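K.L.:
the sequence and its predicted three-dimensional model are supplied below.
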Amino acid sequence: SVAEPCFEVAATSESGDDRFSGTLWMMQWCREALPEEFYFSMTGQSDMFFPYNQPFSEDQVAQRCRRVWNVTRRPSTIAELYGSPKHFLDNASRIIFSNGGFDPWRSGGVLSLTPAQAERDLHVVEIPNGAHHVDLMFADPNETPDITAARKYELGVLRRWLAERDTLVVE
């Protein structure tokens, strides 16, 4: 065993005052993730984001990625690795897709499945009163019944998968 230094996550970007604050996700965002800042409003009044004083473009993001990480943006990496959403869902198995009604990512979520996709143990869980990852948090006595039901359903699916692990056939 070799001791490795821990990665120190900065609270803000290296300059501390720019629109791309935070370095935790920046490398991944630069290499492969979808730039959420380009399809959500960011007024700071009508949304959950901090207000941005000036607009910015994908070109500005690409320049910053080159300057800070010396990488070229490849926003199509996810599609290149996994195919279109339909291709991915037609070839995936054993995934639970949960969607909170108050989650800003819901618009890009998996909201329905074909019967063939469901047969491969894909699940869609709707949580009308849920926010991002609420079903992955610890239970709270004040949570709404839909959150409790979603967590119970998801745990049931996971328990079944674990019970079946010895009978899996890998093709």
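P.N.:
Structure's in. What do you need?
K.L.:
what comes up buried for stretch 160-169?
P.N.:
Buried residues in stretch 160-169, counted by 16 or more other Cβ atoms under 10 Å: none are found. From N, CA and C alone the C-beta is placed, and that goes for glycine too.
K.L.:
same check on stretch 126-140?
P.N.:
Residues 126, 127, 130, 131, 134, 135 are the ones in stretch 126-140 that count as buried (16+ other Cβ under 10 Å).
K.L.:
widest-spaced pair of those?
P.N.:
126 and 131 (13.3 Å; Cβ to Cβ).
K.L.:
which SSE is residue 87 in?
P.N.:
Using DSSP states H and E, residue 87 sits in helix 85-91.
K.L.:
for that helix, packing partners?
P.N.:
Under the contact criterion of 3 or more Cβ pairs under 8 Å, 6 or more residues apart in numbering; DSSP states H and E, helix 85-91 touches helix 115-119.
K.L.:
tell me what the helix it packs on is packed against?
P.N.:
helix 85-91.
K.L.:
try it again with 10 Å
P.N.:
helix 85-91, strand 122-127 (3 or more Cβ pairs under 10 Å, 6 or more residues apart in numbering; DSSP states H and E).
K.L.:
ok, and what's touching that helix?
P.N.:
86, 88-93, 95, 110, 112-113, 122-124 (Cβ atoms under 10 Å, 6 or more residues apart in numbering).
K.L.:
what about that helix, average pLDDT?
P.N.:
Here helix 115-119 scores 94 as its mean pLDDT.
K.L.:
only C-alpha atoms, please: export that helix in PDB.
P.N.:
What follows is helix 115-119, C-alpha atoms only, in PDB (Å, rounded to 0.1, in the frame of the first residue of the first chain):
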ATOM      1  CA  PRO A 115     -41.600  -2.300 -22.700                       C
ATOM      2  CA  ALA A 116     -38.400  -3.800 -24.100                       C
ATOM      3  CA  GLN A 117     -36.300  -1.400 -22.100                       C
ATOM      4  CA  ALA A 118     -38.300  -2.200 -18.900                       C
ATOM      5  CA  GLU A 119     -37.800  -5.900 -19.500                       C
END
